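Chemist: Here is my input; please provide its structure:
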Amino acid sequence: MNLEEEIKKFFKGEVVNDNNTLKKYSRDASLFEVRPKLVVYPKDKSDLKNLVKFISKNKSEDNTLSLTMRAAGSDMSGGSLNESIIADVTKHINYIGEIDDEESITTEPGVFYRDFERKTLEKGFILPCFPASKNLSALGGMISNNCAGERTLRYGKMENFILEMKVILSDSNEYTIKPLNKVELDKKMAQEDFEGKLYKNLFNLIEGNREVINNAKPNVSKNSAGYYLWNIWDGETFDLNKLIVGSQGTLGVITEAKIRLVREKSHHDMVALFFKSWDQLPQVTKAILPYEPESLETFDEETLKLGIRFMPEIAKRANMGFFSFLAQFIPEAFIGTRMLGLPKLIILVEVAENDDKEVKRKVKNIIEAIRPFNVWHRVIEKDSEENKFWIMRRESFNLLREHVGNKKTAPFVEDFCILVEKVPEFLPKALKILKDNGIEANIAGHAGNGNFHIIPLMDLREKSERDKILVVSNKFYDLVKEYKGSITAEHNDGIVRTPYLHKMYNPEVLELFRKTKELFDPQNIFNPGKKVNGSFEYLESHIAIE
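Modeler: I've put the predicted structure just below:
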């Protein structure tokens with residue numbers, strides 16, 4: 001079968017298989033390279049429905065046929081890679097609606113977040129779960145990974161903002177997914193069609209394994225590992241959105257989402273904290289949290305050194321001249337002098353409210369709360385000064401990707417989450433695993449959630465370096481398991497972590513994940529190898545060398 005020609009018979013959008021395109025779509029922001037057979041740019045929903053129908057019909061003839069949806073391609077887990085068909089929705093399926101009376105907005109998955117935010121801010125609203133890569137990300141990937149970021153501490157992850165979605169399931173029909181009460185659920189389960197049977201079977205799976213499922217829920221503030229079976233049914237409301245968000249496109253194709261927004265706060269200040277060690281992080285965090293900061297972000301000494309090294313480029317990204325930008329760090333230089341060196345850890349505490357007096361009151365209370373600790377601080381009220389820290393924090397990964405010579409950023413243990421009070425005990429052990437294997441790394445993250453990003457630097461052209469990935473991952477995730485954490489808080493499973501889900505969940509839970517996938521996608525046509533059926537062999541054999 002000539003795949004390109006067969007799809008062109010019914011497909012209105014572009015169908016492409018030239019070498020440059022296939023090479024481009026064989027990569028995302030992850031470690032991996034997976035070359036697809038075909039890349040398509042669907043024109044509309046009917047293209048997607050017909051594509052799902054075509055794959056389902058021909059799956060028995062060609063078992064390698066499958067479909068992976070792609071938006072911005074900024075995924076760090078390999079979740080947007082596939083050896084069969086990639087459908088890029090950013091070209092055509094990118095409509096943004098208007099904000100309605102419920103303070104929500106309907107959007108398509110191909111919308112870039114930067115465009116979405118520009119539109120919502122015109123009306124004073126924002127979607128606050130944006131990731132650090134918000135200038136690159138698109139809504140489809142943000143929903144599929146259940147994204148989170150610097151404001152998640154106050155507002156929660158993407159799952160908190162999805163009100164309703166439209167999804168094409170494996171029978172090639174589009175369905176509206178919204179919360180159902182018990183009466184509506186019973187009516188849905190009585191349907192004698194694919195949708196009705198799906199709801200009925202999934203409800204029975206959850207009810208029949210309620211204790212196992214509830215016990216499987218990780219005891220952390222953020223988790224993107226596995227399928228969130230514990231979030232679907234609370235005895236009153238049954239909401240499949242809670243499962244589809246974060247499922248990495250393995251259960252169906254999202255075509256539309258109705259998203260709840262929040263009003264952007266009109267006043268904000270920042271308190272920058274400078275630590276000589278990580279030891280007091282839990283106590284300081286605990287002292288600050290009662291004052292409801294909008295964010296509590298952190299980065300380490302190595303990230304700071306990176307910012308100093310590439311300050312001309314950071315100044316450019318801040319739209320400032322180098323010397324003007326440099327002058328903004330004079331107060332921090334004085335703090336460094338008093339500390340007798342660079343801080344080991346910096347925490348950015350963002351306070352935001354609609355009343356400036358309330359902001360000032362909270363800042364004053366935070367300063368009083370941290371006074372007993374050996375911490376230096378500085379209150380920052382100007383947006384331009386705040387921006388210097390945010391750019392350093394948000395751009396650290398991109399700076400590493402662009403400026404480390406033969407070494408590459410190697411995100412494979414980059415997204416763990418543990419209880420905040422365990423961080424000072426956990427981090428030295430985690431970093432020792434890397435150091436014992438000769439791996440450099442820098443750390444940034446979300447201190448208030450206990451979610452940190454360790455980004456190793458490695459020369460992956462060397463087989464000896466590539467061999468370290470499985471060795472280090474195994475030890476690292478054993479440590480996360482020991483501390484009862486999550487192996488991924490935001491970035492999801494993908495190719496890189498699906499084989500390690502057994503570190504978090506017992507065989508009974510993993511079997512429930514497999515059954516869930518089978519209920520939605522019996523032919524395994526949607527983004528195979530993510531969430532279930534991942535393997536170490538596949539992971540190892542698809543690490544990009546160049």
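
Chemist: Could you use CA atoms for every contact and neighbour count after this?
Modeler: Noted.

Chemist: Which element is encountered next along the chain beyond the helix or strand of the chain with the lowest mean pLDDT?
Modeler: Lowest mean confidence among the helices and strands of the chain (mean pLDDT, DSSP states H and E): helix 383-402, at a mean of 69. Using DSSP states H and E, the helix or strand that directly follows helix 383-402 along the chain is strand 408-409.

Chemist: Any idea how many residues pack against residue 53?
Modeler: Residues near residue 53, counting by other C-alpha atoms under 10 Å, number 17.

Chemist: Now residue 362: closest residue in space, sequence neighbours ignored.
Modeler: Leaving aside its sequence neighbours, residue 362 sits nearest to residue 291 (C-alpha to C-alpha, 6 or more residues apart in numbering; 6.2 Å).

Chemist: so what pLDDT did the one you found get?
Modeler: Listed pLDDT for residue 291 reads 96.

Chemist: what does residue 339 give?
Modeler: pLDDT, residue 339: 86.

Chemist: returning to what we had before: the residue nearest to residue 362 and residue 280, how far apart?
Modeler: Using C-alpha to C-alpha, to the nearest Å, one obtains 18 Å as the distance from residue 291 to residue 280.

Chemist: again with residue 171
Modeler: Distance from residue 171 to residue 280, by C-alpha to C-alpha: 54 Å.

Chemist: Need the residues that contact stretch 272-291.
Modeler: With C-alpha atoms under 8 Å, 6 or more residues apart in numbering as the contact definition, stretch 272-291 has outside contacts at 339, 343-349, 362, 365-366, 369-370, 373-380, 420-424, 447-448.

Chemist: Can you tell me which of those residues are buried?
Modeler: With neighbours counted by 16 or more other C-alpha atoms under 10 Å, the contacts of stretch 272-291 contain buried members at 343-349, 362, 365-366, 369-370, 375-377, 380, 420-421, 423, 447-448.

Chemist: Could I get the full set of strands for the stretch 1-150 of the chain?
Modeler: Remark: strands assigned in the stretch 1-150 of the chain by DSSP state E, counting those that start in this stretch are 14-16, 38-41, 67-70, 85-88, 104-107, 125-126.

Chemist: give me the number of residues near the residue nearest to residue 35 when sequence neighbours are not counted?
Modeler: Nearest residue to residue 35, sequence neighbours excluded (C-alpha to C-alpha, 6+ apart): residue 26, at 4.5 Å. Applying other C-alpha under 10 Å, we find 22 residues neighbouring residue 26.

Chemist: Please parse the chain into its domains.
Modeler: 3-88, 104-263, 267-402, 408-541 (automatic domain parsing).

Chemist: Doesn't residue 258 belong to a helix?
Modeler: No. Looking at residue 258 with DSSP: H, G, I helix; E, B strand; the rest coil, it is strand, so not inside a helix.

Chemist: wouldn't it be in contact with residue 107 here?
Modeler: Yes. Using C-alpha atoms under 8 Å, residue 258 is in contact with residue 107, at 6.5 Å.

Chemist: Let me know the secondary structure of residue 465.
Modeler: Using three-state DSSP, the structure places residue 465 in helix.

Chemist: what's it in contact with, if anything?
Modeler: 458-459.

Chemist: From residue 455, how far off is it?
Modeler: To residue 455, residue 465 is 15 Å away according to C-alpha to C-alpha.

Chemist: Then residue 139?
Modeler: The gap separating residue 139 from residue 455 is 24 Å, by C-alpha to C-alpha.

Chemist: likewise residue 471?
Modeler: According to C-alpha to C-alpha, residue 471 stands 16 Å off from residue 455.

Chemist: These two: who's more crowded?
Modeler: Neighbour comparison, residue 471 and residue 455: the larger count goes to residue 455, with 23 against 12 (by other C-alpha under 10 Å).

Chemist: is it true that residue 438 lies in a helix?
Modeler: No. The assignment for residue 438 (three-state DSSP) gives coil, which keeps it out of a helix.

Chemist: Look up phi and psi at it.
Modeler: Phi and psi for residue 438, reported as degrees, to the nearest 10, are phi 70, psi 30.

Chemist: Could you tell me how many residues sit around residue 172?
Modeler: Residues within reach of residue 172, counting by other C-alpha under 10 Å, total 20.

Chemist: How about the contacts made by it?
Modeler: With contacts defined as C-alpha under 8 Å, 6+ apart, residue 172 is in contact with 49-50, 52-53.

Chemist: Please report which of these has the highest neighbour count.
Modeler: If you count neighbours using other C-alpha under 10 Å, the busiest of the contacts of residue 172 is residue 52, which has 23 neighbours.

Chemist: What separation do you get for that one and residue 197?
Modeler: For residue 52, the distance to residue 197 - C-alpha to C-alpha - is 19 Å.

Chemist: do residue 259 as well
Modeler: 27 Å.

Chemist: How about residue 162?
Modeler: For residue 162, the distance to residue 197 - C-alpha to C-alpha - is 24 Å.

Chemist: Which of the two has more residues huddled nearby?
Modeler: Neighbours were counted for residue 162 and for residue 197 using other C-alpha under 10 Å; residue 162 has more, 20 against 16.

Chemist: Please give me every residue in contact with the residue lying closest to the more buried one once chain neighbours are set aside.
Modeler: Sequence neighbours aside, residue 259 is the residue nearest to residue 162 in space, at 4.8 Å (criterion: C-alpha to C-alpha, 6+ apart). By C-alpha under 8 Å, 6+ apart, residue 259 lies in contact with 104-107, 161-164.
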